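Trainee: Coordinates for the following, if possible.
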Amino acid sequence: MNILTVPKTAILALFLWLLLLPSDLAAQGNSAISRHFASDAENSSETVNHGVWGALLERYVSLPEDGITRFNYSAVTTADRQALEGYLTQLANARPTALSRNEQLAYWINLYNALTVEVILDHYPVRSIRQIKYGRIFASGPWGRELISVEGFELSLDDIENQILRPVFDDPRIHYSINCASLGCPNLRPEAYSADRIDEQLNEAARAFVNHSRAVEVRNGRLQVSSVYVWFKGDFGDSDSAVIEHIRRFADPDLANDLDGIERIGAHHYDWALNEPANAS
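Mentor: Numbering: from 1, shown residues only. The predicted structure is shown next:
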């Protein structure tokens, strides 16, 4: 079909769909950022202290009965805002390439999550992180703006996720560790990630998400999943069957039983509402 014969409504619908795609769909590239931060110091004993971030998470993250963690943005004090800014300055001054691989992974996950919280606090109150445009008319969120300088590289949230975390560490569990301040996102843990527990923490995060209905649900033999599994299908094996096999790895017995005989994803969804308590002022 010649594009000139396509109805204007169809073209408009396609244009709007493209605008609504999350910016974290950016392709993993062999960029200068990826190449630089791919190196690590295997036997390094250097560490980064994430105590300030851990204390903030413990203070402001809650887990309601619905199983989705909330961050109480409206309750953050001026002193704690300053503590968060100081923590981010500490991370900006660190040298992640001088860290061991697990120290690096904890560093980047904590940095991503702390930056996201700061972005929300800078613009609060908002109903969704996607309302934050930073002056870009067609932006669907703040992910593309450079927010921090690390080892001479100006980095955005997109850069941290798609040029460092995903390609360098190549672990689908990373999707369960980074939080986009939305109810549809895997939980923001009430503790900082740490090198000595990183594998355990990633597995816990994976199980918590996979076994929640916002991530995986089977109704009348039809599988509905979080859009994470569709947007990033390549990270989970690049096919419906591979995604389902990944889900099985972390599924509780009841969910695993529900997945028997399921061969394809029937639908996907995502809730972009802000992950704050329902009674937030």
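
Trainee: Show me the residue at the heart of this protein, geometrically.
Mentor: Ranked by distance to the mean C-alpha position of the chain (C-alpha atoms, centre = their mean), the top residue is I178 at 3.3 Å.

Trainee: what's around the closest residue to that one other than its chain neighbours, how many residues?
Mentor: Distances taken as C-beta to C-beta, 6 or more residues apart in numbering put Y112 closest to I178, at 4.8 Å, once the chain neighbours are dropped. Placement of C-beta: from N, CA and C, glycine included. Neighbour count for Y112, taken as other C-beta atoms under 10 Å: 22.

Trainee: So Y112 belongs to a helix, correct?
Mentor: Yes - with DSSP: H, G, I helix; E, B strand; the rest coil as the criterion, Y112 is located in a helix.

Trainee: can you give me the strands for the stretch 1-150 of the chain?
Mentor: Counting by DSSP state E, counting those that start in this stretch, the stretch 1-150 of the chain has strands at residues 61-62, 70-71, 146-150.

Trainee: Switch the ones you listed over to a markdown table; also include mean pLDDT and mean neighbour count.
Mentor: Shown next, in a markdown table, are these (pLDDT from 0 to 100; neighbours: other C-beta atoms under 10 Å):
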| stretch | mean pLDDT | mean neighbour count |
| --- | --- | --- |
| strand 61-62 | 98 | 16 |
| strand 70-71 | 98 | 24 |
| strand 146-150 | 97 | 18 |
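
Trainee: how about those strands, which one is nearest N102?
Mentor: strand 146-150 (17.9 Å; C-beta to C-beta).

Trainee: Across the sheet, point out what pairs with H268.
Mentor: With DSSP bridges as the criterion, H268 is bridged to V225.

Trainee: In TSV, list the strands of the stretch 1-150 of the chain along with distance to I244.
Mentor: Formatted as TSV, the strands of the stretch 1-150 of the chain follow (distance: least, C-beta to C-beta, whole Å):
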stretch	distance to I244
strand 61-62	30
strand 70-71	30
strand 146-150	36
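
Trainee: Tell me how far R127 lies from L274.
Mentor: R127 is 6 Å from L274, where distance means C-beta to C-beta, to the nearest Å.

Trainee: In the stretch 51-200 of the chain, where is pLDDT below threshold?
Mentor: 135-139 (pLDDT under 70).

Trainee: contacting residues around A195?
Mentor: 47, 100, 102-103, 105-106 (C-beta atoms under 8 Å, 6 or more residues apart in numbering).

Trainee: ok, now Y112?
Mentor: Neighbour list for Y112: 157, 160-161, 165, 178 [criterion: C-beta under 8 Å, 6+ apart].

Trainee: do the same with T89
Mentor: T89 neighbours (C-beta under 8 Å, 6+ apart): none.

Trainee: re earlier: I'd like to know which of the contacts of A195 are buried.
Mentor: By neighbour count, with 16 or more other C-beta atoms under 10 Å, the contacts of A195 hold 100, 102-103, 105-106 as buried.

Trainee: Mind checking what secondary structure G184 has?
Mentor: Going by three-state DSSP: G184 is coil.

Trainee: pretty sure the residue nearest to the centre of the chain contacts I164?
Mentor: No - contact criterion C-beta atoms under 8 Å: I178 and I164 do not qualify, at 11.0 Å.

Trainee: Save the contacts of A195 as JSON lines, and put in distance to D66 too.
Mentor: Conversion of these to JSON lines gives the following (distance: C-beta to C-beta, whole Å):
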{"residue": "T47", "distance to D66": "35"}
{"residue": "S100", "distance to D66": "37"}
{"residue": "N102", "distance to D66": "32"}
{"residue": "E103", "distance to D66": "34"}
{"residue": "L105", "distance to D66": "29"}
{"residue": "A106", "distance to D66": "28"}
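
Trainee: Among the residues you listed, which ones are in helices?
Mentor: If you go by DSSP state H, these have 102-103, 105-106 in helices.

Trainee: which among these gets closest to F236?
Mentor: For these, the nearest to F236 is L105 (18.5 Å; C-beta to C-beta).
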